[in-house]
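Colleague: sequence-free structure coming up:
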C-alpha cells in the first residue's frame, strides 16, 4: 500500500551522515518561518486589534482557527508527503505561509480569517514532513536530542516575533512585521530547492494524494502508549498556546507593562523554551523520555497556579523568573514528545503516526485559546484565567501517567 512508504529507510544509519546537520538546520529554519507566520499575531495583537477596531482578546479565537486548519490537515497528509517528498512538502508549507501573510496585509477581517486557515495548513504540513526527514537521517542514539533541537524552531520563532514585531510595529506599522515574514519564507523556499532532489529520493510518485482522513488517528489510537501520549499533547498544547497567546496582553492590560516590555518578557519565556527543548532532549536520550515528560508536566502545573497571582506589585525579577520557568516547561516538551511518537510508531508509519498525534496536539490549540478567551470574558482577569488553566495542565499530567503505565506493561 502506498501509505506504508512514508519512511523508506528504517535504519537512519544507512543515510548519508553528512546530511544530518543540513537536514536539521533546514528543517529548523523552515519551521521558524512557518511559526513566525502564527506568532506574529499575538505579538502585535493590541495594535492590530486597534486597526481593525476589535478587542485584543479575539486573538485567542484566531489562534483556534489557525490550529483548527492544522488539525484537519495533519492526519490526512501522510500520502501527500510520500508523493511529493518531504522537502517539496516543506516548500509548499512555506508557500502557504507567504499566502497567509499577503492576505493579512489587506487589513480585512474576512481576509484575516482566510490567512489564519492558510497559516494553519502550513504548520500542519511542515511538522510531519520534518519528522519524516529527521527519522530518516538521524541516528537512533541521538534522536530525542535531534527532534528536540529541530523543535526549538517553534519557541525561537516566538522569540523573534516577540523581539522584532512590537518595535517594528511601533516604528513603521504592523504590516512591516508581516512583510519581514514574507521575505524570510521566500528565501527558505529558494534555499531548499538545490537539495530537494537528494532529500526526496524516497518519494513514491504513484502514491495516491487522497488519503483516509482518520488513518493517522487510527494508527495512534491502536497503540497503547501512543494513545495517552497523544492525549497528553492535547492538554500540553492547550496550555502552551494559551500562555503564548495571552501573556503579552495580560502584561500590557493588567500589570502596566508597555508592548515592547511585554514582548521582551514573552521572548524571554520562549528563549527559555528553546533551551528547555535542547536540555530535555539530551536528558531524555540519557534517561527515560516519559519520565522527563512527567517532570515537565509537574513544573507546568506549578507555573499555571503561580500566574494566577500575578499583579502590578510583582517585582520585575520575580515575573521574569516565572516566565523563564514557564517557558522551560510549557514550551519545552514538544521535542521529546515527537521523538517518542516516532520511536513508538509502527515500522514505516512515522509520518502517518506523527500526523495523527499532531492532530490531537493541534486540537488542544484549537480549544485552548478559545476557551481561555471565553473564561476571561467571565472572570474579567487574565491572571485569574491562568489559574483556571491549572486544570488543563493537571489533566495532561494524568494522561502522561497513563502512558507511563502502558509502557511499563509492554
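Modeller: Received it, and whenever you're ready, just let me know what you need. Here the structure is a predicted model, which means the values were calculated and not measured. Residues are numbered from 1 along each chain as shown.

Colleague: The residue nearest the centre of the chain: what secondary structure?
Modeller: Centroid-nearest residue in the chain, with Cα atoms, centre = their mean: residue 154, separated by 5.4 Å. Assigned by DSSP: H, G, I helix; E, B strand; the rest coil, the conformation of residue 154 is helix.

Colleague: burial of the closest residue to it other than its chain neighbours, as a residue count?
Modeller: Distances taken as Cβ to Cβ, 6 or more residues apart in numbering put residue 35 closest to residue 154, at 5.1 Å, once the chain neighbours are dropped. For glycine as for every other residue, the C-beta is placed from the backbone atoms N, C-alpha and C. For residue 35, the neighbour count with other Cβ atoms under 10 Å is 25.

Colleague: now residue 35: how far from residue 157?
Modeller: 4 Å (Cβ to Cβ, to the nearest Å).

Colleague: ok, back up a step: quick check: the gap between the residue nearest to the centre of the chain and residue 45.
Modeller: Residue 154 is 19 Å from residue 45, by Cβ to Cβ.

Colleague: and what of residue 236?
Modeller: 23 Å.

Colleague: residues of stretch 280-289 that come out buried?
Modeller: Applying a neighbour-count criterion of 16 or more other Cβ atoms under 10 Å, one finds 280, 281, 282, 283, 284, 285, 289 buried in stretch 280-289.

Colleague: now for those, which pair is the farthest apart?
Modeller: Within the buried residues of stretch 280-289, 282 and 289 form the most distant pair, 11.4 Å apart (Cβ to Cβ).

Colleague: intersection of neighbour lists for the two?
Modeller: Any residue near both residue 282 and residue 289 by Cβ atoms under 8 Å, 6 or more residues apart in numbering counts here, and that gives residue 144.

Colleague: Could you give the average pLDDT over the helix or strand that contains residue 187?
Modeller: Per DSSP states H and E: residue 187 is located in helix 174-192. For helix 174-192, mean pLDDT rounds to 94.

Colleague: Can you give the distance of that helix from its chain's centre?
Modeller: 19 Å (Cα atoms, centre = their mean, to the nearest Å).

Colleague: show me the residues around the residue lying closest to residue 29 once chain neighbours are set aside that make contact.
Modeller: Nearest non-adjacent residue to residue 29, counting by Cβ to Cβ, 6+ apart: residue 188, 5.9 Å away. Neighbour list for residue 188: 29, 30, 33, 94 [criterion: Cβ under 8 Å, 6+ apart].

Colleague: and the gap between the second one and residue 103?
Modeller: Between residue 30 and residue 103 the distance, using Cβ to Cβ, works out to 20 Å.

Colleague: what about residue 186, how many neighbours?
Modeller: Look at residue 186: counted by other Cβ under 10 Å, it has 15 neighbours.

Colleague: Contacts only, for it.
Modeller: By Cβ under 8 Å, 6+ apart, the neighbours of residue 186 are 94, 98.

Colleague: and it, how far is that from residue 101?
Modeller: To residue 101, residue 186 is 10 Å away according to Cβ to Cβ.

Colleague: buried ones in the helix or strand containing the residue nearest to residue 154?
Modeller: Assessed by DSSP H and E, residue 35 sits inside helix 19-43. Using 16+ other Cβ under 10 Å as the test for burial, helix 19-43 gives 19-20, 23-24, 26-43.

Colleague: same thing with stretch 374-390?
Modeller: By neighbour count with 16+ other Cβ under 10 Å, stretch 374-390 contains the buried residues 375, 376, 381, 382, 383, 384, 385, 386, 387, 388, 389, 390.

Colleague: Checking the closest residue to the fifth one other than its chain neighbours next. Helix, strand or coil?
Modeller: By the measure of Cβ to Cβ, 6+ apart, the closest residue to residue 383 outside its immediate chain neighbours is residue 310, 4.7 Å from it. Look at residue 310: counting by three-state DSSP, its state is coil.

Colleague: What ranges in the stretch 301-410 of the chain fall below the confidence cut-off?
Modeller: For the stretch 301-410 of the chain, residues meeting the criterion pLDDT under 70 lie at 347-351, 410.

Colleague: So residue 393 is in contact with residue 239, correct?
Modeller: Yes - contact status for residue 393 versus residue 239: in contact at 5.2 Å, counting by Cβ atoms under 8 Å.

Colleague: List the residues that contact residue 294.
Modeller: 397, 400, 401, 404.

Colleague: Highest neighbour count among these?
Modeller: Ranking the contacts of residue 294 using other Cβ under 10 Å puts residue 400 first, with 26 neighbours.

Colleague: Who are the contact partners of that residue?
Modeller: By Cβ under 8 Å, 6+ apart, the contact set of residue 400 is 228, 229, 232, 290, 293, 294, 297.

Colleague: Residue 147: which of these is nearest?
Modeller: Checking the contacts of residue 400 against residue 147 by Cβ to Cβ gives residue 293 as the nearest, at 13.0 Å.

Colleague: From residue 332, how far off is the closest one?
Modeller: 10 Å.

Colleague: These two: which has the busier surroundings?
Modeller: Between residue 293 and residue 332, residue 332 has the larger neighbour count (other Cβ under 10 Å), namely 30 against 25.

Colleague: residues contacting that one?
Modeller: 155, 272, 273, 275, 276, 277, 279, 280, 296.

Colleague: Now for the third one, how many residues are close by?
Modeller: In terms of burial, residue 273 registers 30 neighbours under the definition other Cβ under 10 Å.

Colleague: Was I right to think it contacts residue 327?
Modeller: Yes - counting by Cβ under 8 Å, residue 273 does reach residue 327; the two are 4.2 Å apart.

Colleague: what do those two both touch?
Modeller: With Cβ under 8 Å, 6+ apart, residue 273 and residue 327 have common neighbours residue 155.

Colleague: in what helix or strand does the closest residue in space to residue 338 that isn't next to it in sequence lie?
Modeller: Spatial nearest neighbour of residue 338, chain neighbours left out: residue 147 (5.0 Å); criterion: Cβ to Cβ, 6+ apart. In this structure, residue 147 sits in helix 143-151 according to DSSP H and E.

Colleague: Leaving out chain neighbours, which residue sits closest to residue 375?
Modeller: Of all residues not flanking residue 375 in the chain, residue 385 sits nearest, at 4.8 Å (Cβ to Cβ, 6+ apart).
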